[in-house]
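# need the 3D shape of this:
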Amino acid sequence: MPTLDIDRLQPGIFISLAGVGWLNHPFLLNQFRIANEKQIQALREMGLKTVEWDPQQSTAQPLPEATVHEDEPDFGGMALAGMLDEKRQRVARVQAQRDRLARREREFEQEAASATEVLKEMTSRPTEAHAKAQAMVGRMVEGLLGAESVAIHLVNLKGKDHGLAFHALNVMVLSLLLGQAMKLPAEDLKNLGLGALFHDAGKGEIPPRILRAASRTPPEEEFYRAHVGYGIKAVAGMKNMSTPARNIIACHHESWDGSGFPNRLAGEKIPRLARIVAIANRYDNLCNPFDLKQARTPAEALGLMFRGEAGRYDPELLQRFVKTLGVFPPGSFVSLNNGAVGLVVESNPADLLHPLIMLHDADVPRSEAILLDLRDTDLKIEAALSPAKLPFEVVEYLAPRGRIDYYIEGAA
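This is a model prediction of the structure:
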């Protein structure tokens, strides 16, 4: 970037302080568009003579060169002190957010380990597996019902892969979020969570080659579809599992238009809880396919389901699902109106247009990545981005696992 004298700055000039370092200046971002004279005074007080600027992202031209009047009062010290104090408070808030997200990720890791254990024990120790599953679902439901506002956030684990457990947890979380949005009673939510957790219980009987295939021959497709029947068989030892939960396993591949399997049920003949899980299951499969090169962004997945596959789903439930996740669901790569690129890590139904963003900044270590709550700024999301069109280092910085996993604030 070219450089510009401090005395030629004015609101609208887009500058970069990357060379200064984020912790060494009082501003929220390393790159930003100057908003007021207070920011220019703070730059002077820092002792800077010039700054890098980007003419393309600026909405104003530099001031002409002029002589600075020495007898004019200098209010820069006060401006800088106030901004530094504000930044210290913001850094403390960011650290608290980072600690909270790390705690949620540890909780998700524990739940994934529990889900793995439950899925392994469902045939050999069905009574114990059922009890553990009920306890897990109970914690989630209590968290949902006890929270004034439920925040959904992205989980970026680096630990071992729990296989089908991650998918089972995601489908359970997404199903419960939709169930809560539909104001289902607690008992229905518990049945919903339990059925969602076990919805793919029969996939252990299907060869991985067939499960992972991008396309299948007719015999392979028939074998794949048999996982529904295998699932019912797998939970047969859970004598106390409710009929609504079992029906989720049996019907989560049925379609609203009657094109699904195994019984080609249509419309309201499909149990309502199974209709909910069908939506959550498809969404997670689109975002987290076996071949991550085929992964859709959250916005792309919702767009495909809403426009290209709408006939498969209960229209009321699908509309509510889209509204629940929001315009920019967690896991969305986005560009901001200042040119920054980030990843939505947390959304809140109370303010879907102002989520919590992790910003990419090559000058800031990922472990200290800037977390930006858009409610605290005048920045806005301009567009959702496809990771396939972003530089690899940006994607690796923001989402090193390549998966999108979810957890619910308040569901500990």
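
# next, the contact list for Phe333, please.
Applying Cβ atoms under 8 Å, 6 or more residues apart in numbering, we find Phe333 in contact with Thr297, Val341, Gly342, Leu343, Ala384, Leu385, Ser386, Pro387, Leu390, Val395, Leu398, Ala399. Heads up, the C-betas are built off the backbone N, CA and C, glycines and all.

# who does the fourth one form a beta bridge with?
On the basis of DSSP bridges, Leu343 takes part in beta bridges with Phe333, Met358.

# OK, contacts around it?
Neighbours of Leu343 in contact, by Cβ under 8 Å, 6+ apart: Leu154, Gly331, Ser332, Phe333, Val334, Ile357, Met358, His360, Leu398, Ala399.

# let me know the average pLDDT across the helix or strand Leu286 falls within.
Per DSSP states H and E, Leu286 falls inside helix 272-287. For helix 272-287, the mean per-residue pLDDT is 96.

# check stretch 307-323 too.
94.

# buried residues in that stretch?
For stretch 307-323, burial by neighbour count (16 or more other Cβ atoms under 10 Å) applies to Arg312, Tyr313, Asp314, Leu317, Leu318, Arg320, Phe321, Val322.

# what's the farthest-apart pair in those?
Farthest-apart pair in the buried residues of stretch 307-323 is Arg312 and Arg320; separation 15.6 Å (Cβ to Cβ).

# hang on, Glu393 packs against Ala362?
Yes: under the criterion of Cβ atoms under 8 Å, Glu393 makes contact with Ala362 at 7.4 Å.

# quick one: neighbours of Pro186, just the number.
Not quite, residue 186 is Ala, not Pro. Burial measure for Ala186: 12 neighbouring residues, criterion other Cβ atoms under 10 Å.

# check which helices and strands the helix holding Leu286 sits against.
Here helix 272-287 touches helix 164-181, helix 186-197, helix 243-251, helix 298-303, helix 315-325, going by 3 or more Cβ pairs under 8 Å, 6 or more residues apart in numbering; DSSP states H and E.

# return the set of buried residues in the fourth one.
Of all the residues in helix 298-303, those buried under the rule 16+ other Cβ under 10 Å are Pro298, Ala299, Ala301, Leu302.

# the longest one too?
For helix 164-181, the buried set under the neighbour-count rule, 16+ other Cβ under 10 Å, comprises 164-181.

# cool, and the third one?
Buried positions in helix 243-251, judged by neighbour count with 16+ other Cβ under 10 Å: Pro244, Ala245, Arg246, Asn247, Ile248, Ile249, Ala250, Cys251.

# redo the residues you listed as CSV? Include pLDDT.
Listed next are these as CSV, based on pLDDT from 0 to 100:
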residue, pLDDT
Pro244, 97
Ala245, 98
Arg246, 97
Asn247, 98
Ile248, 98
Ile249, 98
Ala250, 98
Cys251, 98
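
# of the residues you listed, closest to Leu101?
Of these, the one sitting nearest to Leu101 (Cβ to Cβ) turns out to be Ile248, at 30.1 Å.

# right, and Glu128 touches Glu121 too?
Yes: contact status for Glu128 versus Glu121: in contact at 6.1 Å, counting by Cβ under 8 Å.

# more neighbours, those two?
Glu121 (16 against 13).
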